[in-house]
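1. build me a model:
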Amino acid sequence: MDFNEERIEKHVVVDSPGQRSEVVTERTQSGPRESRVSTGTVAVIAVLAIVGIAVIVYLVSNRNANEEANRNANLEAASQTNNQQPPTTIVQQPAPQAPVIIQQPASGQQAPVIIQQPSQRDSASDDANMQEVATKRLAEETDMNSVSITITDARAVLTGSANSAATKARAERLVKAVPGVKSVDNQIVVLGD
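-> Now for the predicted structure:
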């Protein structure tokens, strides 16, 4: 600790009727020196503190932005991976027709009655129609753009990703409501939960 030394001198003049005298008193006083911080030092400390806070805020916001960018890139990569499934190719073949037999009636006999059997179900055509209807219904929903559907033998398979379990369930309900769909295998991955 630094000590401050101070000298105090007092001059006292005594004037009396016959005599004039001068008394000089000298005293030394010492004590701890008061530390005084200059205005410039305070300003430098304040500027350094502001710069330090600004650097910390910048680093934190930059880190948050990097984490957000990584999260978005991971979601995009996941959706691209789920959407890279080869498209389903449906080949429509004409339904087999029952042979038509024409007989000439014998003389005097009544013409035979020809009964045609109902044509067999064209499952590939029906699956294509159901898939088209289901795809349109899913495309009308904005949060289901990364959901894909494949229908084979009236059984639907849902793949892709959704932001919530509610979106996944809604996609399944939409496809079950398509006429002709017998079952739905919901393989949608929920990313948001």
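
2. which stretches of the protein form strands?
-> Using DSSP state E, the strands of the chain run over 3-15, 20-32, 147-152, 155-162, 183-186, 189-190.

3. relative to D127, which of those strands is closest?
-> Smallest distance to D127 across the strands of the chain (Cβ to Cβ): 4.7 Å, for strand 147-152. C-beta: built from backbone N, CA, C; applies to glycine.

4. about what we covered before: okay, the strands of the chain in JSON lines with mean pLDDT next?
-> As requested, the strands of the chain are exported to JSON lines (pLDDT from 0 to 100):
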{"stretch": "strand 3-15", "mean pLDDT": "72"}
{"stretch": "strand 20-32", "mean pLDDT": "72"}
{"stretch": "strand 147-152", "mean pLDDT": "90"}
{"stretch": "strand 155-162", "mean pLDDT": "92"}
{"stretch": "strand 183-186", "mean pLDDT": "93"}
{"stretch": "strand 189-190", "mean pLDDT": "90"}
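
5. can you tell me which of the ones you listed is nearest to E68?
-> strand 155-162 (18.6 Å).

6. please verify my assumption that V190 contacts G160.
-> No - counting by Cβ atoms under 8 Å, V190 sits too far from G160 to count as a contact (10.7 Å).

7. give me the more crowded residue out of the two.
-> G160 (21 against 14; other Cβ atoms under 10 Å).

8. where do the domain boundaries of this protein fall?
-> 3-69, 124-193 (automatic domain parsing).

9. with distance to L75 added, can I get the ones you listed in TSV?
-> Listed next are the domains of the chain as TSV, based on distance: least, Cβ to Cβ, whole Å:
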stretch	distance to L75
domain 3-69	11
domain 124-193	6
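
10. buried deepest among those, which one?
-> Greatest average neighbour count among these goes to domain 124-193 (a mean of 16), per mean count of other Cβ atoms under 10 Å.

11. R155 and D185 touch, don't they?
-> Yes - contact criterion Cβ under 8 Å: R155 and D185 qualify, at 7.0 Å.

12. longest helix in this protein, by residue count?
-> helix 39-83 (DSSP state H).

13. tell me the angle that helix makes with strand 155-162.
-> Between helix 39-83 and strand 155-162, the angle comes out at 170 degrees (axes from the mean of the first three to the mean of the last three Cα atoms, to 10 degrees).

14. quick one: list the elements packing against helix 39-83.
-> On a contact count with 3 or more Cβ pairs under 8 Å, 6 or more residues apart in numbering; DSSP states H and E, helix 39-83 meets strand 155-162.
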